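Undergrad: Curious how this folds, go ahead:
(3 chains)
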Amino acid sequence: MKLFPVFTALGAVGIAVGHWLTFEVAPMERTMRAAQRIFYFHVPSAWLTYIGFILCFGGSIAYLYNRKAKADAFALAAAEVGLLFGLIVVTTGPLWAKAAWGVWWVWEPRLTSMALLMLIFAAYWVLRTYGGRGEGVRRFAAVLAVFGAPNILFVHDAIRRFGGAQHPDEVVKSGLTNDMRVVLYPSLFALLIVFGLLLHLRYRAHRDQLTVRAIRRRLARLGA
Amino acid sequence: MSDQTSYLGVVKAVLLKDLRIELRSKETLATMGLFGLVMTFVLAFGFTADPATNRKVIPGALWTALLFAGVLGVGRTFAREAKDDAFTAMILSPAPRSAILLAKMVVNLLLSLSIVALVTPLFAVILQVDLTGELAGILGLLFLGATGFAVVGTPLAVMAVNARFAEVLLPMVVFPMVTPVLIGGVSGTAVLLGLVFAPDGLAPWVQGMVAFDVAFGVGALFLFEKMVTE
Amino acid sequence: MSRPLFRALGLAAACLMLPVGASLAQPAEAPAAAASAASPAQPAAATTEAPAKAGFQQVERAENLRYRHLWMAYAVIWLLVFGFAFRTWQRTRDTGAELDELKRRLAELEARNG
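TA: Have a look, this model is predicted:
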């Protein structure tokens, strides 16, 4: 609990430094110009989306094996934070694409597989929000996450063969200079802290909810 | 039916039971078949143009119809066992649970294939596309696709009975999951019909679909024990 | 528990000011782009002049778009993050209040039952 303010401060400073680096220090990219600066938060967000869904996958596997409600609460929290960062990716992505290429969307493996991943975990979220709170729903959700997360490998592979344009990220990465790396990695680090803080808060909210339900059951047993 | 305790014995018993009931009542087959017909006409009204354009449309139409009709069948996987708590009895029996799942997957595969057999010629006739040359290949792809659909859809349908809005949630959940198969199937069909330039031919699409079917089939059977315990 | 959260929100809001300040401090490119955006009526009259100028304006408009999209992207990011954090905080607060109430009732009941 003592660590929380420390990490909050660290995250805030990190984000401030990240912004300063992004807007002041990062070099002006030759062809995409200012829009390329979206890259420094867009790309780490994409990585964090994957991390969120991988954690959800891990929590779900754990839940299927040990049936601990906490594992399920963790999986749910990870999916929610993953969805948040995914939402950042799919909104900043088209903004970048429009400014860089003049179109909002391109039929491209990484874009499309991210969209499908979001669809799968949006279904997960809808299930968790509106499908009920029973143990069966948790199991259903766990199965969904366990099937959905690895599915993305197949989706990506299929769309890659489907063909399409080149992601602007590839262009940037091939010419990723050291002065860009100096901006990218601190941004990633700062967002990682934000990710961890949000995950912690979300997990605690779900865990508290579990306690509330446990106490309610106990009260019901006591006949109140 | 002599050896009902062995793995294959259980698969065979559940499979034969379901098929016998289905052939007697034909309720799932009838609803899926009718839905397939309706889908065929809806898509035909939506896309019909000259035969050359129809040829380009038919892969997408065929696979959409299969997907939508398939989800109807998958949603009814354990409809009969839902009554009288027969599902719990089935799960609590000493029979290996994955054998029950495997049998249900095969049932769903057979249902989807019967819809394929109905819808494919119908599309060819209505959209005036001659498929005779490529029919074997297309049916092979549809078989792989239906397998992928059954393999992913069946376990999810089993789990979905626990949720509210299960019948609405299931398509929402299953369709994104089977995208790799859908992409593979539609692209493979387009390659067969000569609609796209494909230097590698059909092989990569078939490989992708087989990999999907095997990975998710094995994964589902392996995990099913954990999915339904208690 | 809400105090560190408030502190986090405050600090993060302060960080949000930074890109805005940076945008104001960017002297070379941003004001020119803003100026071309502020007077959309003028280019119509200017088209009769040299085509080189029209080409230049086109480049400028593209540049302007890139800046606008950059700010929009960062606004979206922080709206989403703060929206999410706020919703989580609301939820934790409500659950916490509910938890306190339930604990009180439980203690009351247990005291009465002996």
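Undergrad: could you pull out the helices for chain C?
TA: C:2-25, C:30-38, C:42-46, C:51-113 (DSSP state H).
Undergrad: helix or strand for the nearest residue to residue A:198 once chain neighbours are set aside, which one?
TA: Distances taken as Cβ to Cβ, 6 or more residues apart in numbering or on different chains place residue A:81 nearest to residue A:198, at 5.0 Å, with adjacent residues excluded. The C-beta positions use only the backbone N, C-alpha and C, and glycine is treated the same way. Using DSSP states H and E, residue A:81 sits in helix A:69-101.
Undergrad: and residue A:73, what does it touch?
TA: By Cβ atoms under 8 Å, 6 or more residues apart in numbering or on different chains, the contact list for residue A:73 reads A:203, A:206-207, A:209-210.
Undergrad: Using a markdown table, lay out the residues you listed together with distance to chain B.
TA: As requested, those are exported to a markdown table (distance: Cβ to the nearest Cβ, whole Å):
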| residue | distance to chain B |
| --- | --- |
| A:203 | 23 |
| A:206 | 18 |
| A:207 | 22 |
| A:209 | 18 |
| A:210 | 18 |
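Undergrad: Which one of the residues you listed sits in the busiest neighbourhood?
TA: residue A:206 (23 neighbours; other Cβ atoms under 10 Å in any protein chain shown).
Undergrad: how about the residue lying closest to residue C:99 once chain neighbours are set aside, what does it touch?
TA: The spatially closest residue to residue C:99, leaving aside those adjacent along the chain, is residue A:212, at 5.5 Å (Cβ to Cβ, 6+ apart). By Cβ under 8 Å, 6+ apart, the residues touching residue A:212 are C:95, C:98-99, C:102.
Undergrad: C-terminal to the helix holding residue A:81, what's the next element?
TA: Following helix A:69-101 toward the C-terminus (DSSP H and E): helix A:109-130.
Undergrad: buried set for that next one?
TA: A:109-128 (16 or more other Cβ atoms under 10 Å in any protein chain shown).
Undergrad: Can you spell out which helices and strands pack onto that helix?
TA: Helices and strands touching helix A:109-130, as assessed by 3 or more Cβ pairs under 8 Å, 6 or more residues apart in numbering or on different chains; DSSP states H and E, comprise helix A:39-66, helix A:69-101, helix A:135-162, helix B:166-177.
Undergrad: between that helix and helix A:69-101, how many degrees?
TA: Orientation check (axes from the mean of the first three to the mean of the last three Cα atoms, to 10 degrees): helix A:109-130 against helix A:69-101 gives 140 degrees.
Undergrad: quick check, distance from helix A:109-130 to the centre of its chain.
TA: 11 Å (Cα atoms, centre = their mean, to the nearest Å).
Undergrad: Would you mind putting the CA coordinates of stretch A:214-222 into CSV?
TA: Extracted in CSV, the C-alpha atoms of stretch A:214-222 (Å, rounded to 0.1, in the frame of the first residue of the first chain):
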residue,chain,number,x,y,z
ALA,A,214,-19.1,-12.6,0.7
ILE,A,215,-20.4,-10.5,3.5
ARG,A,216,-23.8,-10.3,1.9
ARG,A,217,-24.0,-14.1,1.8
ARG,A,218,-22.9,-14.2,5.5
LEU,A,219,-25.6,-11.7,6.5
ALA,A,220,-28.2,-13.7,4.6
ARG,A,221,-27.1,-16.8,6.5
LEU,A,222,-27.4,-15.0,9.8
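Undergrad: quick check, it touching chain C?
TA: Yes. Part of stretch A:214-222 sits near chain C under the criterion Cβ under 8 Å from any Cβ of the partner chain, namely A:215-216, A:218-219, A:222.
Undergrad: Tell me the most packed of those, by neighbour count.
TA: Highest neighbour count within the residues of stretch A:214-222 next to chain C: residue A:215, with 17 neighbours (other Cβ under 10 Å).
Undergrad: mind checking pLDDT for it?
TA: Looking at residue A:215, its pLDDT reads 89.
Undergrad: returning to that earlier point: narrow the residues of stretch A:214-222 next to chain C to those in strands?
TA: Nothing among the residues of stretch A:214-222 next to chain C maps onto strands, per DSSP state E.
Undergrad: and those, which of them are in helices?
TA: Reading helices off these with DSSP H, I get A:215-216, A:218-219, A:222.
Undergrad: Report the distance from whatever helix or strand the residue nearest to residue C:99 lives in to the chain centre.
TA: Using DSSP H and E, residue A:212 falls within helix A:178-222. Centroid separation for helix A:178-222 versus its chain: 12 Å, with Cα atoms, centre = their mean.
Undergrad: and residue B:46, how many neighbours?
TA: 9.
Undergrad: which SSE is it in?
TA: helix B:27-47.
Undergrad: What is that helix packed up against?
TA: Using 3+ Cβ pairs under 8 Å, 6+ apart, the elements in contact with helix B:27-47 are helix B:51-75, helix B:97-126.
Undergrad: Where does chain B get nearest to chain A, which residue?
TA: residue B:162 (2.5 Å; Cβ to the nearest Cβ).
Undergrad: Report pLDDT for that residue.
TA: In this model, residue B:162 carries a pLDDT of 77.
Undergrad: Then residue B:122?
TA: 89.
Undergrad: Surely it is in contact with residue B:38?
TA: No. Counting by Cβ atoms under 8 Å, residue B:122 does not reach residue B:38; the two are 11.2 Å apart.
Undergrad: With neighbour numbers in mind, choose between these two.
TA: residue B:122 (17 against 13).
Undergrad: got the contact list for that one?
TA: B:37, B:40.
Undergrad: try it again with 7 Å
TA: By Cβ atoms under 7 Å, 6 or more residues apart in numbering or on different chains, residue B:122 lies in contact with residue B:40.
Undergrad: any idea how far it is from residue C:85?
TA: Distance of residue B:122 to residue C:85, computed by Cβ to Cβ, to the nearest Å: 54 Å.
Undergrad: tell me which parts of chain A are close to chain B?
TA: A:64-65, A:116, A:119-120, A:123, A:127, A:130-132, A:134, A:136-137, A:139-140, A:143-144, A:146-148, A:151, A:154-155, A:157-159, A:161-162 (Cβ under 7 Å from any Cβ of the partner chain).
Undergrad: just the buried members of those?
TA: In those, the ones that pass as buried (16+ other Cβ under 10 Å) are A:64, A:116, A:119-120, A:123, A:127, A:131-132, A:136-137, A:139-140, A:143-144, A:146-148, A:151, A:154-155, A:157-159, A:161-162.
Undergrad: Which single residue in chain C comes nearest to chain B?
TA: Closest point on chain C to chain B, by Cβ to the nearest Cβ, is residue C:91, at 21.1 Å.
Undergrad: so who does that residue touch?
TA: Residue C:91 touches residue A:205, counting by Cβ under 7 Å, 6+ apart.
Undergrad: do stretch B:175-184 and chain A meet at all?
TA: Yes. Stretch B:175-184 reaches chain A (Cβ under 7 Å from any Cβ) through B:176-177, B:179-180, B:183-184.
Undergrad: Show the end-to-end separation of that stretch, please.
TA: One end of stretch B:175-184 to the other measures 14 Å (Cα to Cα, to the nearest Å).
Undergrad: What is the neighbour count of the closest residue to residue A:42 other than its chain neighbours?
TA: For residue A:42, ignoring the flanking residues on the chain, the nearest one in space by Cβ to Cβ, 6+ apart is residue A:92 at 4.6 Å. Here the count is done by other Cβ under 10 Å, and residue A:92 has 25 residues near it.
Undergrad: go on, residue B:212?
TA: For residue B:212, using other Cβ under 10 Å, the count is 27.
Undergrad: from memory it sits against residue B:148, does it?
TA: Yes. Using Cβ atoms under 7 Å, residue B:212 is in contact with residue B:148, at 5.2 Å.
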